[in-house]
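1. structure for this input, please:
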Amino acid sequence: MHRALESEDIIYAVLEHVKYSSTDLLNIAMTCSRFAGPVLDILWSEQPSLVPLIRCLPEDTWEVENQIINFSREPTPSEWERLRMNASRVRRIIKHKFCDAPFLKLRVSGQVLQRLFELFPPATLFPHLSTLNSHVLRESSSNLSLVQKFMSPRLETLLLDVPGHVPTHEVEQFLGVLPIEAHGLRQLSISTDHGATAFAVPPSFGNLPKLLALAIHGVDVCLTRQTIANIQQARCLHTLTLGLRGTSSDCGGMALELCSLEHLTLSGNSLPQCTHFLHQIITPRLSHISIKYSNLASPIEITVFMESLCTSCQNYESLKQIHVVGATHSNDHGLVMPLSSEIFRPLLKFTGLLSVSFVDIGIYDLDDRFLDDIAVAWRDIKELKFNTKRRASSKVTFATMVSLASRCRSLEDLHLTVDASQSTTIPRAQDGTETLWPTQTALRKLHLGYSEVSDVACIPYILAYVFPILSDIDWCPEL
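-> Below is the predicted model of the structure:
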């Protein structure tokens, strides 16, 4: 054996190149006993449930009935030891949405879990656990007391899904002990009954000194101010995700500052819910904001949202990304009113923007003057999308779109409906001769939405000349 393989750091560096292939890992482990331990560490490091642990016991110790695993006999101490050794390698217990392994249909019975944790308390059984999704346990037990047994100072990420039948005081009690039993938490996600039930945010988050990311799916907007005051206690928080519930009302008072917040994601049934929250915070370091709502918003509601964003984010150079998704599943086309350029014009204050994306918030009634102003305000923009599934004409000319894209030298992705039904007006040099726009070598994706296109616009020729690396062009077909 080469002396280099005496170093575990070198072994793990080698295994990094094949860690996503269990077959390759097993083949490597069989070539040299020195690799066996590190390979097992990688194979066991992330598990979608507790089923694989139980299944590593001899097959005659367990049986499956109605997709539930029960013991057929008590494992011997040496058999339990094998399970314990594998559990000690687990670092993350989390189920991914698209994981479809056959064993995921199985569940561990409450009786098996009870026996397992009688012998090995969870915090002892999983000494290196850093990430826990409580939904994995919910399939076998809906008791928060079991989740609490997994808490330890080493836990960094907790995804807590509380069943709807659990009393509120039990949830509050559980969250109250987190600063004591899991004070190393960096990421915390909470939902009650999959976000269907509103949740009152406790002030105990301020006692989690390392908390960087907080997600709460189900916040009562009627309690927004108290919610913000409690979230404000987490002084290092830089990522906040909230699912809003209920009806908002103007409670007045001074806005509260979330001094360290950089990423904000809000979702709700209506845009005013998100606006209500924005209206009550100041975010001097905000760099990314994402908004999603399901009901149609009027032009006035969208205007008020834009104004609230400008008021909340007072550092116009810090904001890098705006992403707003509207009523994507609504078919009420007749209720949609045009959104003029003036609605979006306040956003031109944010001169540091790199990505601006509006998806299905209405019918865009933009004009050439607004696009010319975008080219001046957002010179470093990389992604610009005014995307809608609603058919409408556009006042933006194809020539202005090309001018915008050629002036924004970093623009890579553009989605915009234009009017290309007329002959394209080509820029002229000082001597009066026609000269095409400067070549732009960043634009790779262009979606023309419901653009009206005519052959006289010379679109293929102009795009090929001005954007030589454009590789993905699309538009919405005629109905």
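2. show me the shaky parts of the stretch 101-250 of the chain.
-> Scanning the stretch 101-250 of the chain for pLDDT under 70 picks out the ranges 101-104, 138-142, 194-198, 248-250.
3. which parts of it are helices?
-> Along the stretch 101-250 of the chain, the segments classed as helices by DSSP state H, counting those that start in this stretch run 110-119, 122-125, 135-138, 144-148, 168-181, 224-231.
4. can you list the ones you listed in JSON lines and add distance to L266 and mean neighbour count?
-> In short, each C-beta sits where N, CA and C put it, glycine included. Conversion of the helices of the stretch 101-250 of the chain to JSON lines gives the following (distance: least, Cβ to Cβ, whole Å; neighbours: other Cβ atoms under 10 Å):
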{"stretch": "helix 110-119", "distance to L266": "37", "mean neighbour count": "15"}
{"stretch": "helix 122-125", "distance to L266": "34", "mean neighbour count": "18"}
{"stretch": "helix 135-138", "distance to L266": "23", "mean neighbour count": "19"}
{"stretch": "helix 144-148", "distance to L266": "27", "mean neighbour count": "17"}
{"stretch": "helix 168-181", "distance to L266": "21", "mean neighbour count": "15"}
{"stretch": "helix 224-231", "distance to L266": "11", "mean neighbour count": "19"}
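5. looking at those helices, spot the one closest to T275.
-> helix 224-231 (11.1 Å; Cβ to Cβ).
6. just to revisit the earlier point, export the helices of the stretch 101-250 of the chain to TSV and tack on distance to L354?
-> Shown next, in TSV, are those (distance: least, Cβ to Cβ, whole Å):
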stretch	distance to L354
helix 110-119	48
helix 122-125	43
helix 135-138	35
helix 144-148	39
helix 168-181	36
helix 224-231	26
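7. for F386, which of the ones you listed is the nearest?
-> Proximity to F386 (Cβ to Cβ) singles out helix 224-231 among these, at 29.8 Å.
8. now that closest one, how far from the centre of its chain.
-> In terms of Cα atoms, centre = their mean, to the nearest Å, the centre of helix 224-231 is found 22 Å from the chain centre.
9. show me what it packs onto, helices and strands only.
-> Contacts defined by 3 or more Cβ pairs under 8 Å, 6 or more residues apart in numbering; DSSP states H and E place helix 224-231 against strand 213-220, strand 256-257, helix 271-278.
10. what angle do that helix and strand 213-220 make?
-> Relative orientation of helix 224-231 and strand 213-220, computed by axes from the mean of the first three to the mean of the last three Cα atoms, to 10 degrees: 160 degrees.
11. give me the residues contacting helix 224-231.
-> Contacts of helix 224-231 with the rest of the structure, by Cβ atoms under 8 Å, 6 or more residues apart in numbering, involve 200-203, 205-206, 214, 219-220, 237, 240, 248, 251, 253, 256, 258, 276-277, 280-281.
12. pull out the buried members of those.
-> Among those, those classed as buried by 16 or more other Cβ atoms under 10 Å are 200-202, 205-206, 214, 219-220, 237, 240, 248, 256, 258, 276-277, 280-281.
13. if I look at the residue nearest to K105 when sequence neighbours are not counted, how far off is P48?
-> Closest residue to K105 apart from its sequence neighbours, by Cβ to Cβ, 6 or more residues apart in numbering: Q67 at 5.6 Å. Q67 sits 15 Å away from P48, going by Cβ to Cβ, to the nearest Å.
14. same question for G362.
-> 40 Å.
15. give me the more crowded residue out of these two.
-> Using other Cβ atoms under 10 Å as the criterion, G362 and P48 rank with G362 on top: 23 against 17.
16. ramachandran coordinates for the more buried one?
-> Backbone geometry at G362, expressed as degrees, to the nearest 10, gives phi 150, psi -160.
17. same deal with the one 5 residues further on?
-> Torsion angles at D367 (phi, psi; degrees, to the nearest 10) stand at phi -130, psi 170.
18. that one: what's it in contact with?
-> Taking Cβ under 8 Å, 6+ apart as the contact definition, D367 lies against S340, S341, K395, V396.
19. over to L347?
-> If you count contacts by Cβ under 8 Å, 6+ apart, L347 has them with M306, L309, C310, I322, L353, V356.
20. before we move on, what SS does it have?
-> Under DSSP: H, G, I helix; E, B strand; the rest coil, L347 falls in the helix class.
21. how much space between it and I54?
-> L347 is 54 Å from I54, by Cβ to Cβ.
22. just L212 next, same as before
-> Using Cβ to Cβ, L212 is found at 34 Å from I54.
23. make a markdown table from the helices and strands packed on helix 224-231 and add distance to I426 to it.
-> Below are the helices and strands packed on helix 224-231 laid out as a markdown table (distance: least, Cβ to Cβ, whole Å):
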| stretch | distance to I426 |
| --- | --- |
| strand 213-220 | 50 |
| strand 256-257 | 51 |
| helix 271-278 | 41 |
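24. and of the ones you listed, who's closest to H183?
-> The nearest among the helices and strands packed on helix 224-231, by Cβ to Cβ, is strand 213-220 at 15.0 Å.
25. elements contacting the closest one?
-> Right, strand 213-220 is packed against strand 187-192, helix 224-231, strand 239-245 by 3+ Cβ pairs under 8 Å, 6+ apart.
26. what angle do it and helix 271-278 make?
-> Between strand 213-220 and helix 271-278, the angle comes out at 120 degrees (the same axes, to 10 degrees).
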